[in-house]
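Peer 1: Sequence and predicted structure are below.
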Amino acid sequence: ATPTALMVGTGRGAQLGILIKGPQVLESTRTVNTIVLDKTGTVTTGRMGVTAIRAADGVSEDDLRQVAASLEHASEHPIARAIATLADPVSVEDFTNHAGFGVSGTVGGRAALVGRPAWLAEQGISVPPMTSADGTTVGVAWDGAFRGSISVADSVKPTSAAAVRQLRNLGLEPILLTGDNRAVAETVGAEVGIQRVIADVTPADKLRVVQELQSEGRVVAMVGDGVNDAAALAASDLGIAMGTGTDVAIQASDLTLVKGDLATAVDAVRLSRATLRTIK
Ligand code: ADP
Ligand code: MG
């Protein structure tokens, strides 16, 4: 590949809303045959709304809202943005973001957690069985006890299903990869036409899935937007970040889709192939 053709391709990418880290990136796109897609914020809008609030027995819903909203106020996760609207935040001490699991901190003297039910259970909280009928359900706990749950949901981006179809037409097998629960993941997969759905994964699992696909001899592109996607994006043969996502995801990636639209991922694959064709 001549440097000039690759430079031209890079410039064309910018016009299409694709920021390319370096001219050599277009070359690695050529042989990609698998595309791993993060769910929340990548295939779906990431603009979540609260669909249910359930306080445990003896817990006031106002307290549940206050503690959860205050903790999530400091997180940029899509789930956090929805929960943060539930109350005016009070100050939080010792805030910690546990990427892919939840958040913790002390709110009004209460040591609190909001996050994945399985993660709360690992912290020694006795978590009751939870429904996934309302979407993504996170647990709220403080002072060592389960205090309730909050469910959130978003919707598939209008362009996602067509983009998945086109990626398949370009010879890429799409795989949906998410930390969310299986019921939500399969619903989204069905809506956009992805049969292979890997759910309930941790950020470390996301990385492992990419590495396993590579060890099967696949050349893997991954599209993601979150802190939880960064390690998998960095390990993939072609890391693609949503421009609407976190800085960590953008830094870990080779390409950034400025508008955060999967349709532009299709453009990126086409551009790379066209650029390399003119060079040969
Ligand atoms: P995805 O792969 O869909 O982008 P993540 O890996 O970011 O999802 O999160 C996986 C799960 O961890 C979420 O479905 C949720 O249960 C929990 N979680 C992550 N971040 C938060 C947060 N800030 N607040 C509550 N729960 C969270
Ligand atoms: Mg995401």
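Peer 2: Noted; the coordinates are in hand. Ligands and ions are numbered 1, 2, ... in the order given.

Peer 1: Helix or strand next in line after the helix or strand bottoming out on mean pLDDT in the chain, which one?
Peer 2: Ranked by mean pLDDT, DSSP states H and E, the weakest helix or strand in the chain is helix 25-29, scoring a mean of 74. Sequence-wise, the next helix or strand downstream of helix 25-29 (DSSP states H and E) is strand 34-38.

Peer 1: wait, does stretch 42-50 make contact with ligand 1?
Peer 2: No. Stretch 42-50 is not in contact with ligand 1 by CB under 6 Å from any ligand atom; minimum separation 7.6 Å. Bear in mind the C-beta positions are built from the backbone N, C-alpha and C, glycine included.

Peer 1: start to end distance for that stretch?
Peer 2: 19 Å (CA to CA, to the nearest Å).

Peer 1: buried ones in it?
Peer 2: For stretch 42-50, the neighbour count (16 or more other CB atoms under 10 Å) marks T42, V43, T44, T45, G46, M48, V50 as buried.

Peer 1: Name the residues that touch that stretch?
Peer 2: Contact with stretch 42-50 is made by 37, 40, 78-79, 81-83, 85-86, 136, 150-157, 160, 164, 176, 188, 192, 223-225, 242, 244-245, 262, as judged by CB atoms under 8 Å, 6 or more residues apart in numbering.

Peer 1: And stretch 194-208, by the same measure?
Peer 2: Residues outside stretch 194-208 that contact it (CB under 8 Å, 6+ apart) are 37-38, 99-101, 118, 164, 173-182, 184-186, 189, 209, 224, 227-232, 235.

Peer 1: Does that stretch reach ligand 2?
Peer 2: No. Interface with ligand 2: stretch 194-208 contributes nothing (CB under 5 Å from the ion), its closest point being 10.0 Å away.

Peer 1: Cheers, nothing more for now.
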